[in-house]
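In: coordinates for the following, if possible.
(one chain, ligands or ions: 1)
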Amino acid sequence: MSRTPIMAGNWKMNMDHLGAVSLVQDLGKALEDAGYDPARSEAVVIPPFTDIRSVQTLVEGDKLPLAWGAQDISAHEDGAYTGEVSGSMLAKLGCSYVVTGHSERREYHGETDELVNAKAKKIIEHGMTPIICCGEPLEVRKAGKHVEHTVGQITADLAGIDAADVAKLVIAYEPIWAIGTGETATADDAQEVCGAIRKAVADLYDEATAESVRIQYGGSVKAGNVVEIMSKPDVDGALVGGASLKAGDFAQIVTFYAK
Ligand code: PEP
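Out: Numbering: from 1, shown residues only. Okay, the predicted model is just below:
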């Protein structure tokens with residue numbers, strides 16, 4: 001399998017720019033100490049907007065083996081959209097990745113699949129890579145409809161995006177009941193849905209596109225459970241919230257292959 005695992009730390013609304021500088025410095029050191037090999041996994045930090053310039057300056061200046069991204073993007077190009085941040089602004093700050101469709105944005109900001117799709121297109125238009133999040137709430141899992149629900153989201157989120165762009169993007173399967181709760185899906189649960197997403201991509205596009213797209217699991221991933229989750233064939237990385245705020249913990253997750 002030629003997919004390079006991708007470990008992305010979603011800092012959410014934590015860390016001002018001073019905290020970001022010290023976390024990234026600590027992470028650079030922790031990765032070095034852990035013998036990090038960028039050929040074996042890709043490490044990405046996703047700080048709040050206000051930290052991105054500081055993270056960029058530090059990573060570039062110290063040549064740290066990290067990519068960075070943003071947690072959201074405007075679906076608009078520019079203009080009178082108070083409070084929004086455009087794709088060209090993020091691209092200019094060297095962002096490689098932008099998250100869209102996170103359950104917290106779907107839930108607290110009413111973001112629909114239609115908007116997630118528009119944002120994914122905007123991210124691609126500006127030469128960055130979307131990390132498209134999907135996943136079911138607890139009641140859907142209890143009803144046994146989690147695969148259908150998640151595949152439905154991804155089908156809508158990818159509408160009108162070319163195979164060549166889909167092949168390069170990242171999908172994060174995040175069961176909502178496992179986010180920030182300490183409740184982790186089992187590795188088999190993660191595999192079931194990540195495998196179904198890959199099959200859906202093959203059905204919507206073709207086998208080569210499905211083999212190329214990277215699918216992360218997210219939901220209470222920690223140093224203690226990452227190895228098992230990463231042992232599954234369709235899990236290509238993790239989207240990490242809480243554990244990405246501690247340099248040592250995140251470095252252990254990024255270097256899961258060394259355990
Ligand atoms: C997330 O916010 O995407 C996430 C998975 O958070 P946590 O790791 O804290 O569950």
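In: what parts of this protein come near the ligand?
Out: The chain comes close to the ligand at residues 10, 174, 179-180, 218-221, 239-243, as judged by C-beta under 6 Å from any ligand atom. C-betas here are computed from N, CA, C, even on glycine.
In: mark which of these are buried, thanks.
Out: Neighbour-count burial (16 or more other C-beta atoms under 10 Å) applied to these gives 10, 174, 179, 218-221, 239-243.
In: quick check: the residue of the stretch 1-150 of the chain nearest the ligand.
Out: residue 10 (4.7 Å; C-beta to the nearest ligand atom).
In: rewinding a little: columns distance to residue 94, secondary structure and pLDDT on top of the residues of the chain next to the ligand, output as a markdown table?
Out: Below are the residues of the chain next to the ligand laid out as a markdown table (distance: C-beta to C-beta, whole Å; DSSP: H, G, I helix; E, B strand; the rest coil; pLDDT from 0 to 100):
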| residue | distance to residue 94 | secondary structure | pLDDT |
| --- | --- | --- | --- |
| 10 | 18 | strand | 98 |
| 174 | 26 | coil | 97 |
| 179 | 28 | coil | 90 |
| 180 | 28 | coil | 85 |
| 218 | 24 | strand | 97 |
| 219 | 28 | coil | 95 |
| 220 | 30 | coil | 92 |
| 221 | 26 | coil | 96 |
| 239 | 20 | strand | 98 |
| 240 | 21 | strand | 98 |
| 241 | 23 | coil | 97 |
| 242 | 26 | helix | 96 |
| 243 | 25 | helix | 97 |
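In: what two of the residues you listed are the furthest from one another?
Out: Distance extremes for these: the farthest pair is 174 and 243 at 13.9 Å, using C-beta to C-beta.
In: circling back to that earlier point, hmm, the residue of the stretch 1-150 of the chain closest to the ligand is touching residue 104, no?
Out: No. Between residue 10 and residue 104 there is no contact, the gap being 9.4 Å when judged by C-beta atoms under 8 Å.
In: report the distance from the worst-scoring helix or strand of the chain on mean pLDDT to the chain centre.
Out: Least confident element among the helices and strands of the chain, by mean pLDDT, DSSP states H and E: helix 138-142 (a mean of 94). Mean-position distance between helix 138-142 and its chain equals 23 Å (C-alpha atoms, centre = their mean, to the nearest Å).
In: list the buried ones in that helix?
Out: For helix 138-142, the neighbour count (16+ other C-beta under 10 Å) marks 140-141 as buried.
In: can I get the CA coordinates of that helix in PDB?
Out: Extracted C-alpha coordinates of helix 138-142, given in PDB (Å, rounded to 0.1, in the frame of the first residue of the first chain):
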ATOM      1  CA  LEU A 138     -24.900   7.900  18.900                       C
ATOM      2  CA  GLU A 139     -28.600   7.400  18.000                       C
ATOM      3  CA  VAL A 140     -27.700   6.600  14.400                       C
ATOM      4  CA  ARG A 141     -25.000   4.100  15.600                       C
ATOM      5  CA  LYS A 142     -27.500   2.500  18.000                       C
END
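In: and the next helix or strand past it?
Out: Proceeding N to C from helix 138-142, the next assigned helix or strand is helix 146-157, under DSSP states H and E.
In: how close does the closest residue in space to residue 219 that isn't next to it in sequence sit to residue 258?
Out: Closest residue to residue 219 apart from its sequence neighbours, by C-beta to C-beta, 6 or more residues apart in numbering: residue 178 at 2.8 Å. Residue 178 sits 25 Å away from residue 258, going by C-beta to C-beta, to the nearest Å.
In: of the two, who's got more company?
Out: The neighbour count for residue 178 versus residue 258, taken as other C-beta atoms under 10 Å, is higher for residue 178 (21 against 13).
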